[in-house]
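> Let me see the structure of the following:
(chains A, B, C and D)
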There are 2 protein chains.
Amino acid sequence: MADLNDDNARERLLNAGRYLFLRQEYHRVSIRRLAERAEVNSAMIAYYFGDKNGLFQAVLLSYIDPMRNAMLERLVQTPELTYAELFRYFFRYAPRDLMRLIIRNALFEPDEHWRWILDKLLRPLLTEVEQRFGRVLPEGPLQRPEQARLALQSLLVFPILGQTLLESVRGAPMDDTFFDDLADYFGLLLDRAFAPETDQ
Amino acid sequence: MADLNDDNARERLLNAGRYLFLRQEYHRVSIRRLAERAEVNSAMIAYYFGDKNGLFQAVLLSYIDPMRNAMLERLVQTPELTYAELFRYFFRYAPRDLMRLIIRNALFEPDEHWRWILDKLLRPLLTEVEQRFGRVLPEGPLQRPEQARLALQSLLVFPILGQTLLESVRGAPMDDTFFDDLADYFGLLLDRAFAPETDQ
DNA sequence: AGTCGCGTTAATCAATCGATTAATGTGGAG
DNA sequence: CTCCACATTAATCGATTGATTAACGCGACT
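Sure, this is the predicted structure:
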């Protein structure tokens, strides 16, 4: 357990990267500020990670495995998930900082880290979750998998992604209570929309 | 009309800013590349806009007024909008590049341009659109304005915002046909969810 | 012709960027 | 103690950043 503490340069740099890369865009985080926050010489980045990008990818990798395990473990415990439960779970336990980090550094600069993030991190996780928890919609005009998936993704991701934006607009923070209410609301919305045809 | 052509330095810089700021994050766009693209001396930025940030704000302002006018003009023509029409209109005519620009430079760097963008650009537009086209939901458990608005915003914004991401995941571009289908699907989804209570 | 002001240019500033180097510290094995 | 591999340091590299300056071109007006 002594090899997991944070008094060695590599771990300290990872922690500094987790802190800084989550809060600022990649090019705004300089090697010197990383080293300064880690209280480590800036050359240690090249020593342990090759270059700045190596540290960045190491930070992402250090997030992705615990996230996948945690998500799958929790989801496995409730295999028959209602939409409300799914929203509530996701709003509570999704690593919001990591989501924003990925969006910020990949979605808007697709030529740099994007391909790597997509292939190494995102696609395996998405396919695995989907395989385990794919829902079959009832018969009806809404049974179009791609569109249904996009609707679900929008409702899941946007409130988290735009939390800062939304809090500024509404002038009040979105606490857990708000997200719980939102989860119930979205769950009810999808239940009604995806409900089997009644008549006519 | 001769004062609207693009052979003067100020207009050329605005065009360069429109091009570059839409495609890269603020700090990735250097004064020299702006001047180079505008085929203008880099000192002209300071001359006309004070500094780089002045040019950036001028670029945003040059977008926002035509956008507001275009949106309101088109929306006024169809005051009684179905959800499908609203989605279709938004997916077609919303300035996606500008949306991404605002998100990229404000949502994720709230301490820099964020407050200015929100107060000057976003809030007036949102309140104006909402005042003119606020819909009244039918009675029922889904009549909660804030949550309903957030659901609508999610379905409207996320597909546009994440277009690059989604295209990479699905491996094919999302053309107008896809967005039209998506508009119909989302419209139907909300119609069903927000439909008045039937019985029980 | 003179001159005033707007527009423009080349040159340069200090600061910071990512990266590299050579020298040095350190701690354990032989 | 010696040696060697690993870890760390200070210093510096060339490149680029945003910004500023002094000089200059030039048309308009007197």
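
> For chain A, give the helix that spans the most residues.
When chain A is parsed with DSSP state H, its longest helix is helix A:52-77.

> That one: which residues count as buried?
Across helix A:52-77, burial judged by 16 or more other Cβ atoms under 10 Å in any protein chain shown covers A:52, A:55, A:56, A:57, A:58, A:59, A:60, A:63, A:64, A:67, A:71, A:75. For the C-beta atoms, the positions are set from N, CA and C on the backbone; glycine is no exception.

> Specify which member of the residues you listed is nearest to residue A:197.
residue A:75 (29.0 Å; Cβ to Cβ).

> And residue A:143, how far from residue B:182?
15 Å (Cβ to Cβ, to the nearest Å).

> With residue A:33 instead?
42 Å.

> Compare those two and say which is more crowded by neighbours.
residue B:182 (21 against 14; other Cβ atoms under 10 Å in any protein chain shown).

> In three-state terms, label that one for me.
helix (DSSP: H, G, I helix; E, B strand; the rest coil).

> residue contacts, it?
Residues in contact with residue B:182 (Cβ atoms under 8 Å, 6 or more residues apart in numbering or on different chains) are A:147, A:150, B:87, B:91, B:159.

> Contact residues of chain A facing DNA strand D?
A:8, A:9, A:10, A:40, A:41, A:42, A:43, A:44, A:47 (Cβ under 7 Å from any atom of the strand).

> at 10 Å what do you get?
Counting by Cβ under 10 Å from any atom of the strand, chain A comes close to DNA strand D at A:7-13, A:27, A:31-32, A:35, A:38-48.

> Looks like residue A:139 contacts residue A:194 (just checking).
No - applying Cβ atoms under 8 Å, one finds residue A:139 not in contact with residue A:194, separated by 10.8 Å.

> So the two - more neighbours on which side?
Shown here are residue A:139 and residue A:194; by other Cβ under 10 Å, residue A:194 has more neighbours (20 against 9).

> how near is that one to DNA strand C?
47 Å (Cβ to the nearest atom of the strand, to the nearest Å).

> and the gap between residue A:170 and residue B:35?
On the measure of Cβ to Cβ, residue A:170 and residue B:35 end up 40 Å apart.

> Tell me which of the two has more neighbours.
Taking other Cβ under 10 Å, residue A:170 and residue B:35 do not tie; residue B:35 has more neighbours (19 against 13).

> And the more buried one, how close does it get to chain A?
20 Å (Cβ to the nearest Cβ, to the nearest Å).

> does that residue really touch residue B:45, like I thought?
Yes - between residue B:35 and residue B:45 there is a contact at 6.6 Å, judged by Cβ under 8 Å.

> can you list residues touching both of the two?
residue B:13.

> Around residue A:102, count how many other residues there are.
If we define neighbours as other Cβ under 10 Å, then residue A:102 has 21 of them.

> separation between the closest residue in space to residue A:180 that isn't next to it in sequence and residue A:74?
If the residues on either side of it in the chain are set aside, residue A:180 comes closest to residue A:88, at 6.1 Å by Cβ to Cβ, 6 or more residues apart in numbering or on different chains. Distance of residue A:88 to residue A:74, computed by Cβ to Cβ: 11 Å.
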